[in-house]
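In: This is a predicted model, with the sequence first.
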Amino acid sequence: MKCVIADDHPLFREALSMLVAGGDIAAEVANAENVAELHELVEKNGAPDLLLLDLHMPGASGFSALSWFVGNFPDKLVIVVSANTQPDTVRRAIDHGAAAFLSKSSDTGVMTQCIQQVLSGSRGMHPGLDISNTGASLKALDVAEALASLTPQQFRVASMLVEGLLNKKIAYELGVKEATIKAHMTEVFRKLGVQSRTQAVLAIGNLPVTQGAEAEATS
């Protein structure tokens, strides 16, 4: 089984890699410290059987990375592993397609058991965590569906757009011509059903992650 751990904290990635690569799970593990690296791994090696995803990774806007991966690879499994365990965040992650939600403070036994249960077919798991009764809005689900239709490069452009970067800067960061970025932007607007940069930012803004005190302190 192939697993990707997508998290920007090196020590946590290392600890989680040891957990997933050893014991009864024994997965082949690759690591990504941002969304761009996750896309590169998927483009090079194909989608992993299991993705362990941190919501607050660089390049992600709210639930955007989760929505993109789940929408493109619905037969693959995603477990969100986050310090942000707000009930609203847990519920919306499940609504956006996560098979389970784990707190970064969970002990290794809980993590191992949850991963094994997900691999055996269990869904909607959130051991030891509260979950909100209010799920993702229809508007947020529509935006998630639109994001899932973006190519990896279009997703990167959309993410940089949300960060406030202009076309010239995006082109420089991605190593392409500005005309290429304009073409990508046109497709991003079309797929999101918007007409401008501001409307695109507002649309993607429907996927925010509620920041709790614990997440703010550790993310």
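Out: Great, that's in hand.

In: going forward, measure contacts between C-alpha atoms and count neighbours the same way
Out: Will do.

In: residue ranges with poor pLDDT in this protein?
Out: For the chain, applying pLDDT under 70 flags the ranges 135-138, 208-219.

In: For it, list the residue farthest from the centre, please.
Out: Centroid-distance maximum for the chain: Ala179 at 28.1 Å, with CA atoms, centre = their mean.

In: element containing that residue?
Out: Counting by DSSP states H and E, the element that carries Ala179 is helix 178-192.

In: Show me what that helix is packed against.
Out: Judged by 3 or more CA pairs under 8 Å, 6 or more residues apart in numbering; DSSP states H and E, helix 178-192 is in contact with helix 138-148, helix 152-162, helix 167-174, helix 197-204.

In: Next one: the residue farthest from the centre of the chain from Lys169, what distance?
Out: Plainly put, Ala179 is 12 Å away from Lys169 if you go by CA to CA, to the nearest Å.

In: what's the burial count for the closest residue in space to Glu145 that isn't next to it in sequence?
Out: Of all residues not flanking Glu145 in the chain, Gly71 sits nearest, at 6.6 Å (CA to CA, 6 or more residues apart in numbering). Burial of Gly71 is recorded as 20 neighbouring residues (other CA atoms under 10 Å).

In: cool, the one 3 residues further on as well?
Out: Burial of Pro74 is recorded as 11 neighbouring residues (other CA under 10 Å).

In: now Gly121
Out: Neighbours of Gly121 using other CA under 10 Å come to 9.

In: what secondary structure does it sit in?
Out: coil (DSSP: H, G, I helix; E, B strand; the rest coil).

In: What of Ile131?
Out: Assignment for Ile131 (three-state DSSP): coil.

In: if I look at it, how far off is Ser106?
Out: With distances taken as CA to CA, Ile131 is found 16 Å from Ser106.

In: what do you get for Phe69?
Out: Using CA to CA, we find Phe69 at a distance of 24 Å from Ser106.

In: neighbour-wise, which of these two wins?
Out: Set side by side, Phe69 and Ser106 show more neighbours around Phe69, with 23 against 15, by other CA under 10 Å.

In: Next up, phi/psi of the more buried one, please.
Out: phi -70, psi -50 (degrees, to the nearest 10).

In: Now it: closest residue in space, sequence neighbours ignored.
Out: Ala148 (7.0 Å).

In: and this protein, what are its domains?
Out: Structural domains annotated on the chain: 2-134+212-218, 138-204, as defined by automatic domain parsing.

In: Tell me how far the last one lies from the chain's centre.
Out: Between the mean C-alpha location of domain 138-204 and the chain-wide mean there is a distance of 16 Å, by CA atoms, centre = their mean, to the nearest Å.

In: ok, how many other residues are close to Val27?
Out: Slight slip there: residue 27 is Ala, not Val. Here the count is done by other CA under 10 Å, and Ala27 has 19 residues near it.

In: just checking, it touches Met1?
Out: Yes: taking contacts as CA atoms under 8 Å, Ala27 lies within contact range of Met1: 5.0 Å.

In: Pull the contacting residues for Lys182.
Out: Lys182 makes contact with Asn167 under the criterion CA atoms under 8 Å, 6 or more residues apart in numbering.

In: ok, now how distant is Ala32 from Glu14?
Out: Distance from Ala32 to Glu14, by CA to CA: 11 Å.

In: Just want to know which of the two has more residues nearby.
Out: More crowded of Ala32 and Glu14, by other CA under 10 Å: Ala32, with 21 against 12.
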